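**Student:** what shape does this take:
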Amino acid sequence: MDPKEKLQFRAADAALGPILKYIRKDPDKNLIRLVDAAEKLAGGVFPKKNFEKFRAAVRDPEHVWAQYAKSVIRDMEPGALQKGIMAMGYGTYVGTKTVRANREKYKCNFPYIILLDPTSACNRHCKGCWSAEYGHKYSLTAQEMESIVQQGVSLGAHLYMMTGGEPLLRKDDIFALCAAHPDCMFLCYTNATLVDDDFCERMNALGNLTLALSIEGTEHSNDGRRGSGSYQTTMQAMDTLRHHRCLFGMSVCYTSENVDDVTSDAFIDLMLEKGVKFGLYFNYMPVGQNAVPELIPSPAQREHMYRWLRRMRHSKTGKPLFVMDFQNDAEYVGGCIAGGRNYFHINSAGDIEPCVFIHYSDSNIRTHTLLEALHRPLFQAYYHNQPFNDNHLRPCPMLENPQCLRHMIAETGAASTDFLAPESAETLCARCDKFAAAWAPEAERIWNSVSHPVTKTFYYRDTPEGKAKE
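**Tutor:** Okay, the predicted model is just below:
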């Protein structure tokens, strides 16, 4: 933060403390003050109608999202909650303005989120996970991680997600990053094996770190993919996090074998009981030499996920748990968000990839800045070709539109970044052709049968340069 931003941050933080204290006295009555404060701070950046919706929700005691907000205030350690709101709220406010200005200035994609892998090392060997193949060979240095965040903030990114490998093997470096950047929110996807009392205390002291614990339904469905004992380890970690009043969620990879388990009422109710506040769902992607294409959910299962998500988030039929699915929620963000449009990924060898599932690159943090990567051929191919399908139930250039990824890799000459067994785009995309063909008519039927949000997304094709090429 520059000196002016530091003053703004401190002023907002000083104002937020008394508001949260007041709200905790009577959340049913006073929660609306938090909405008023948020609008005062960020009303010029986000539409007024958004804040009106928030007010309507908190005035209705039966509204799922009012229940959710009150559960977060009730269950989180107060100091950590305030720091988390500041990191997420202020970072989003500043970052949104920066991203919009940079997109206009530089004529390319700019991300809100950056994913990075501190290490390839992992103490699990989950079925269908490419990290299990990589071993302990690659890591970003602490200095490289700091540089990524510094550069990312200048681009407008204030949210950093850490994948791997098991990122908590680098917990001291992650804690240092969080302490150095209080205006950024950090999330680690973790197998939960390293969560203990000390970790939770340090996590709460920072306030701008949260976890997404890997879990996949029942003990049987979870351990069948993640290994014997994984389920009980995760349950114990959730109990420890809840005891310390930490903010945490779950990361769910849904496959053809576990879709029913990870969407059952019994599973969701158990997660709520354990203290889970958010769920990040991922469609299984057949990436890596040990990929199992049969684990890709069928079209019927994909439709089940689409409809389940909307029931879960409905103000009356849902449950007080925020869930999102990066595949089936594409209509809310205008399609594929990779290639820097909303995010990109940096692996543990420093390769800058368009997506955590697209292991191809033409840039590396050791030879290119992040801004240079956004202007390199691969990221420019994303910029010029998004959306890959106007039906946003078919957003991905690999899973639903494999011909698009084939074309971009051939056009740009991007190299495979798979550490052990580099694979051609043809090999990867061939695993997706069958599903893509089967899903296309079903996606069209669903898309044409329901209304969709107006995202006001601005694509390259909408620019004067893009229109001139039509």
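
**Student:** show me how this structure divides into domains.
**Tutor:** Each structural domain of the chain that the record assigns through automatic domain parsing is listed here as a residue range: 3-75, 109-470.

**Student:** wait, which of these is closest to residue 91?
**Tutor:** With Cβ to Cβ as the criterion, residue 91 lies closest to domain 109-470 of these, at 3.1 Å. Every C-beta, even on glycine, is put in place using the N, C-alpha and C of the backbone.

**Student:** show me where the stretch 201-350 of the chain has its strands.
**Tutor:** Along the stretch 201-350 of the chain, the stretches classed as strands by DSSP state E, counting those that start in this stretch are 209-214, 248-254, 278-283, 322-325, 343-346.

**Student:** can you redo those strands as a markdown table with mean pLDDT?
**Tutor:** A markdown table is the format used below for the strands of the stretch 201-350 of the chain (pLDDT from 0 to 100):
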| stretch | mean pLDDT |
| --- | --- |
| strand 209-214 | 97 |
| strand 248-254 | 97 |
| strand 278-283 | 97 |
| strand 322-325 | 96 |
| strand 343-346 | 98 |
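
**Student:** wait, which of these is closest to residue 201?
**Tutor:** Proximity to residue 201, assessed across the strands of the stretch 201-350 of the chain by Cβ to Cβ, is greatest for strand 209-214 (12.0 Å).

**Student:** what does the closest one contact?
**Tutor:** Strand 209-214 has contacts (Cβ atoms under 8 Å, 6 or more residues apart in numbering) with 84, 126, 174-175, 178, 185-192, 195, 203, 226, 230, 234, 237-238, 241, 246-253, 276, 278, 280.

**Student:** which of those count as buried?
**Tutor:** If you count burial by 16 or more other Cβ atoms under 10 Å, the buried members of the contacts of strand 209-214 come out as 84, 126, 174-175, 178, 185-192, 195, 203, 226, 230, 234, 237-238, 241, 246-253, 276, 278, 280.

**Student:** report the separation between residue 392 and residue 336.
**Tutor:** Applying Cβ to Cβ, to the nearest Å, one obtains 9 Å for the distance of residue 392 from residue 336.

**Student:** the two: who's more crowded?
**Tutor:** Between residue 392 and residue 336, counted using other Cβ atoms under 10 Å, the more crowded position is residue 336 (29 against 24).

**Student:** could you check the pLDDT of the more buried one?
**Tutor:** With respect to pLDDT, residue 336 scores 97.

**Student:** again, but for the one 3 residues further on
**Tutor:** As summarised for this prediction, residue 339 has a pLDDT of 98.

**Student:** hmm, it is touching residue 379, no?
**Tutor:** Yes. Here residue 339 lies in contact with residue 379, judged by Cβ atoms under 8 Å, at a distance of 5.2 Å.

**Student:** overlap in contacts of the two?
**Tutor:** By the contact definition Cβ under 8 Å, 6+ apart, residue 339 and residue 379 are jointly contacted by 109, 354.

**Student:** quickly list what's touching both of residue 392 and residue 336.
**Tutor:** When Cβ under 8 Å, 6+ apart defines a contact, the residues bordering residue 392 and residue 336 alike are residue 330.

**Student:** please, where are all the helices along the stretch 151-300 of the chain?
**Tutor:** Listed in chain order, the helices found in the stretch 151-300 of the chain under DSSP state H, counting those that start in this stretch are 171-180, 197-206, 219-226, 230-243, 259-262, 265-274, 299-313.

**Student:** for residue 17, which of those is the nearest?
**Tutor:** With Cβ to Cβ as the criterion, residue 17 lies closest to helix 197-206 of these, at 16.1 Å.

**Student:** and the average pLDDT for that closest one is what?
**Tutor:** The predicted model gives helix 197-206 an average pLDDT of 98.

**Student:** confirm for me that residue 371 is in contact with residue 157.
**Tutor:** No. Residue 371 lies out of contact with residue 157 (Cβ under 8 Å); the separation is 11.6 Å.

**Student:** which residues touch residue 341?
**Tutor:** Counting by Cβ under 8 Å, 6+ apart, residue 341 has contacts 109, 111, 382, 383, 386.

**Student:** at 7 Å instead, please
**Tutor:** Remark: with contacts taken as Cβ atoms under 7 Å, 6 or more residues apart in numbering, residue 341 is in contact with 109, 382, 386.

**Student:** re earlier: okay if I get the helices of the stretch 151-300 of the chain as CSV plus distance to residue 64?
**Tutor:** What follows is those, written out as CSV (distance: least, Cβ to Cβ, whole Å):
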stretch, distance to residue 64
helix 171-180, 30
helix 197-206, 26
helix 219-226, 26
helix 230-243, 20
helix 259-262, 19
helix 265-274, 12
helix 299-313, 8
